[in-house]
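A.B. asks: Would you be able to build a 3D model of this:
(2 chains)
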Amino acid sequence: MSEAPATSPIRAKRRFFGIRSRLYFALGGAVSITLAASVIAWFTFLEVESRQRQVTEDYLPALTTALHMAQRGTAIAALAPKLLTFDDPVDRNYTRQQIAEERRVLQELAGRLHELVANPGQLDTISSGVESLAQALELLDQAATARASLEAKLESAAEAMQTTHRELTSILAPLIDDAAFYVITGYRQLDDEEPAQTSERAQTSELLAFEAMTQIGAEANLLLGLLSSAVYLPRVEFLQPTRERFEAAAGKMNRALQTLRSQPDAAGLDPLVETLSNFGTGPENIFALRQRVLQQRDLEQTYIQESRQYAEALNLQVRRLVRQTEIDAIAGTAAVARTIATGRGLLLGLNLLSIFGAILIAWLFVDRQLMRRLTALAAKMREMAAGDITVPVESSGNDEVTDMAAALEVFRAHALEVRRLNLVEKLADELNEKNVELQDAFDQLKAAQERIVTQEKLASLGQLTAGIAHEIKNPLNFVNNFSGLSIDLIDELREQIEAARASVDEETRAEIDDILGDLTLNLSKIKEHGQRADNIVRGMLDHSRESTGEREMTDVNALLDECIGLAYHGIRAQDKSFNVTIEKQLSDEIKPTMLVRQDLGRAFLNILTNGLQALQEKTKSAANGFDPTIKVTSRLVDAWIEIRIRDNGPGIPDDVAEKIFTPFFTTKPTGVGTGLGLSITYDIIVQQHGGRLDVVSEEGEFTEFVLELPEKSVDAA
Amino acid sequence: MTNRFLPLAALAIVALTSPTLASSPGVSDTAVVFGQTAAVEGPARALGIGMRLGIAAAFHEANENGGVHGRKLELITRNDNYEPEAAIENAKRLISDAEVFALIGSVGTPTSRATEPIASEAGVPFIGAFTGAEFLRSPYRRTVINIRASYFQETEEIVERLTKDLNVKRIAVLYQDDSYGRAGLTGVREALDRRGIELVSEGTYIRNTVAVKSALLAILAGKPDAVIVVGAYQPSAIFTQWARKLGLDVPIVNISFVGSMALANALGETGDGVVVSQVVPFPEDTSLPLIREYHAALTDFEETAEAGFVSLEGYLAGRVTIAALERVGRELTREAFLEVFASGEPFDIGGLRLTYGPDDNQGLDQVFLTTIGGDGALSPTPRLDGP
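C.D. replies: Numbers count the residues shown, from 1 in each chain, chains lettered A, B, ... in the order given. The predicted structure is shown next:
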């Protein structure tokens, strides 16, 4: 490679107008625009607030107070006619109190306005208006009270007049009745014997009296009518004509009374007629009372009119005040609106400016100067990441991006160099791996070699055993054969003796029988033990026989049985005192299978021997009552022959259990175990027969080996 | 704000639920007070005095027997002179100031017409007015309790008897020129209309006067065969006397309001043959237990008192009131009292049956005629005889 790797670190140049400065500049501009906007907004708010305060604190209260005044003024004026109702004095008093209250409130409001309004001159007119109104109302009240007492007088006069008229009628009616009756019938009294003669009863004096009486009745009725109408006459002008008619009628009535003066019956009429006349002509007559009532009423109307005018004037003043305050308030509101508009315009301008600036920065600087070049650099980086590092990085301009491009170029040069160096390193790594593999192979080889040596040892031991066994077998054959022959001979001897039994005395005979019996027994013992020895030897031979590795039809259960016996005898041979319970549960379902019988037997024997040894050990240390038991079960599970060999020995610790199938691992003292037993067992079960071997144990309780063999033989490697 | 009214509300509830405060005016633990406005002075005084006597006798009788549900009955009587203005004043005072439970035994049509609306507005029962005026009966007024038959029933019976028994066709009327007289006149007119007969002549007099002579002349002009008088006993007596004097010997029939005994006394000898219609049993008919009880009560109350139609009517009004009070029980209110009548259960007062109902406020319907004898005593007249 021609390019030399950069040795010095890339250092960023300090630039006067780099991206940093430009970004600072742009951000600074934005911040100052925002600041300017805030300042404008602040001033606008201040201005609006002060204007608003003026409206709410000055104009609105004045406006409200003025409106209240207008209301109160109208309320007082409306109360005025109520003063004119006399029916209920309680009601009237209440109205008076109401007016006083309204007046008080009105003056209070005027006082408040004084404080609120800039131009108090206007308020003086209002205050004096309030006073005038109150005075007019007071006068009205007085007039109304005066009229009320007058009208009460008028009413009682009217009632008295009715009573007088009724009394007059009750006297006059029988008089007229009697007079008319007399003139027509001539009778005056019921006890008159005869009626008066026509000439007598039709005298001028009688007729004149009758006429006078009817005249009095008629005029009395007319007087009553005129007076009654006077009580309710609506206008003062009508009073005089009515009064004149009354005087005329009263005159006639008095003249008629003069005519009757001579009549004794008419005496009662005199005072009544006078009383009746007095109602129209006396000092407090009905006409005069009515006239005063009407005058008082006119006066009231004047006062009402006045109070109404004062109220209207007051209202006008108040309205003016309201209008003025309204104008002020509107002006204040308009100023607020103007301030808001100006602030709004300024803010809008600043916003536009900042938006324009942002667009300019984004377009000129961010997009053109930064993003495009950064995108190009990123594309270059992606290329390099994909492995293409041969093309050099182009750089333009004079800023941080240019630095980045330069740095990338340096990086690219480095990468080229690194790629070359990596190649050498990779080769070294591969070599190392191979070394490790070789070491492994070597280790395995070594282990195998050791195993072979051990196996060889075992094989020679087996051969030795086989040789010895063979040698023992011959003498054993003799023992067995001759012991059997001797038993036969004793039988023959017994027959012979039977024949000669008579010659021998009883005692001798018994003795002979005893001896013969003992002999037979001894011989059979010899034979039995000889055969036993023979079995052992045969077993030893079988065991030491070299595995052919050939499969043959094997009855697994029988094989197990045989191995159990072997193992048991093996252990008993060492320790006669050791007793063990052996439980067997062997399933009939298991049919003979093609297996390597010899190897499998060895595997079984290994496990069983292990278990028995463990039990033996535990018996020595365990308390009395420990019943060493070994349990062998076989059964068919799916397509597998499962064999479980379980002892209640000391168990295997977990850390040991992990290693028990490892070759040459042993917990037994040196020279006792080879450490190959279970390892070989494992090879036989797993590798040779394609089965499975597992151990389950609980320390101090039990150990169970689980062997599984495929029912259909699998030719494993 | 609300808190201020809480104690008031509580007080109102206590007031509403407390039984002692809930009873009607005029009712105390020991007494029930009744008011009467009637003419106990003046030309019509015999009527007011008679009514007062009857009512007081009935009340006295009840009080002697321990009162009604432990309450004694009291009667306050005010004179109205048979004038509506005075009657109005009396009724107002009795209801507002004296706080009576009910008004009882008013005398006269114009006075009753003036006072009944006052009682009605205040919800005060208006019991046993001595008048047969129609306005107290129709349209039905719940607060009014009438004892007697109406004037229309009386005039109908009078006309029936005159036309049936005597075959009279020419009938004239003397009437008091007010609502009473006009009510009688209307009754007579209607009765005549039903028979296709016209009134031959009529005369009027002013209330509380005896100026009846012009009226007599007017009636004479019609040449009547019978005269019906709708008036008070004094004018009626004077009219009858003058009529006989002038030779008008036709039957003169008075309406019950006239006051039979007073009329008989005022007429003296002239009374012989004068007929009066009656709306309460004959006061000497002692076969009726009511009459025996009435006599006993009257004598017990006032030894010298004489029995008569007017006091019997007063006694009857008192007895009906007592019976109704007994039916109400101890919890007495005006409404409960009126409800007794509106419920329609009839009353049996000493063998006399009075029936009321939801639209019937008149207890009796019978009308019969009596005639004044030569001795001034009255006797029942089932059939009129020619003079």
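A.B. asks: who touches the residue of the stretch 301-450 of chain A found nearest chain B in this structure?
C.D. replies: In the stretch 301-450 of chain A, the residue that lies nearest chain B is A:Val318 (31.0 Å; CB to the nearest CB). Heads up, the C-betas are built off the backbone N, CA and C, glycines and all. For A:Val318, the set of contacting residues under the criterion of CB atoms under 8 Å, 6 or more residues apart in numbering or on different chains consists of A:Ala66, A:Leu67, A:Met69, A:Ala70, A:Gly73, A:Ile126.
A.B. asks: Quick one: buried ones out of the residues you listed?
C.D. replies: Members of the contacts of A:Val318 that pass the buried threshold by neighbour count (16 or more other CB atoms under 10 Å in any protein chain shown) are listed as A:Ala66, A:Leu67, A:Met69, A:Ala70, A:Gly73, A:Ile126.
A.B. asks: So which residues make contact with the host helix or strand of the fifth one?
C.D. replies: A:Gly73 is located in helix A:60-79, with elements delineated by DSSP states H and E. For helix A:60-79, the external contacting residues (CB under 8 Å, 6+ apart) are A:95, A:98-99, A:102-103, A:105-106, A:109-110, A:112-113, A:116-117, A:126, A:129-130, A:133-134, A:137, A:307-308, A:310-312, A:314-315, A:318-319, A:321-322, A:325-326, A:329.
A.B. asks: Could I get the full set of strands for chain A?
C.D. replies: Along chain A, the stretches classed as strands by DSSP state E are A:552-554, A:581-586, A:593-595, A:629-637, A:640-647, A:692-698, A:702-710.
A.B. asks: So which of these is nearest chain B?
C.D. replies: Among the strands of chain A, the nearest to chain B by CB to the nearest CB is strand A:692-698 (85.7 Å).
A.B. asks: Give me the mean pLDDT for that closest one.
C.D. replies: When pLDDT is averaged over strand A:692-698, the result is 88.
A.B. asks: do stretch A:473-487 as well
C.D. replies: On average, the pLDDT along stretch A:473-487 is 85.
A.B. asks: Outside of that stretch itself, list whatever touches it.
C.D. replies: Under the criterion CB under 8 Å, 6+ apart, residues A:519-520, A:523-524, A:526-527, A:530-531, A:533-534, A:537-538, A:541 lie in contact with stretch A:473-487.
A.B. asks: at 7 Å instead, please
C.D. replies: Surrounding stretch A:473-487, the residues in contact under the criterion CB atoms under 7 Å, 6 or more residues apart in numbering or on different chains are A:Thr520, A:Leu523, A:Ser524, A:Ile526, A:Lys527, A:Gly530, A:Gln531, A:Ala533, A:Asp534, A:Val537.
A.B. asks: and that stretch, which residues are buried?
C.D. replies: Buried residues in stretch A:473-487, counting neighbours by 16+ other CB under 10 Å, are found at A:Leu476, A:Val479, A:Asn480, A:Ser483, A:Gly484, A:Ser486, A:Ile487.
A.B. asks: could you say what helices and strands the helix or strand that B:Ile76 is a member of packs with?
C.D. replies: B:Ile76 belongs to strand B:72-79 when elements are defined using DSSP H and E. Taking 3 or more CB pairs under 7 Å, 6 or more residues apart in numbering or on different chains; DSSP states H and E as contact, the helices and strands that strand B:72-79 lies on are strand B:31-38, helix B:45-64, helix B:84-96.
A.B. asks: from the contacts of A:Val318, which two are the most distant?
C.D. replies: Within the contacts of A:Val318, two members stand farthest from each other by CB to CB: A:Leu67 and A:Ile126, at 13.0 Å.
A.B. asks: ok so, going back, so for the residue of the stretch 301-450 of chain A closest to chain B, what's the pLDDT?
C.D. replies: 75.
A.B. asks: Leaving out the residues flanking it, which one is nearest to it?
C.D. replies: Leaving out its chain neighbours, the residue that sits closest to A:Val318 by CB to CB, 6 or more residues apart in numbering or on different chains is A:Ala70, at 4.3 Å.
A.B. asks: Could you tell me the angle between the strand holding B:Ile76 and helix B:45-64?
C.D. replies: Between the direction of strand B:72-79 and that of helix B:45-64, the angle (axes from the mean of the first three to the mean of the last three CA atoms, to 10 degrees) works out to 170 degrees.
A.B. asks: Could you give the average pLDDT over strand B:72-79?
C.D. replies: Strand B:72-79 shows a mean pLDDT of 95 in the predicted model.
A.B. asks: And the contacts of it?
C.D. replies: Outside of strand B:72-79, the residues that reach it under the criterion CB under 7 Å, 6+ apart are B:30-41, B:52, B:55-56, B:59, B:62-63, B:67, B:90, B:94, B:98, B:100.
A.B. asks: Give me the buried subset of those residues.
C.D. replies: Buried, going by 16+ other CB under 10 Å: B:32-40, B:52, B:55-56, B:59, B:62-63, B:67, B:90, B:94, B:98, B:100, out of the contacts of strand B:72-79.
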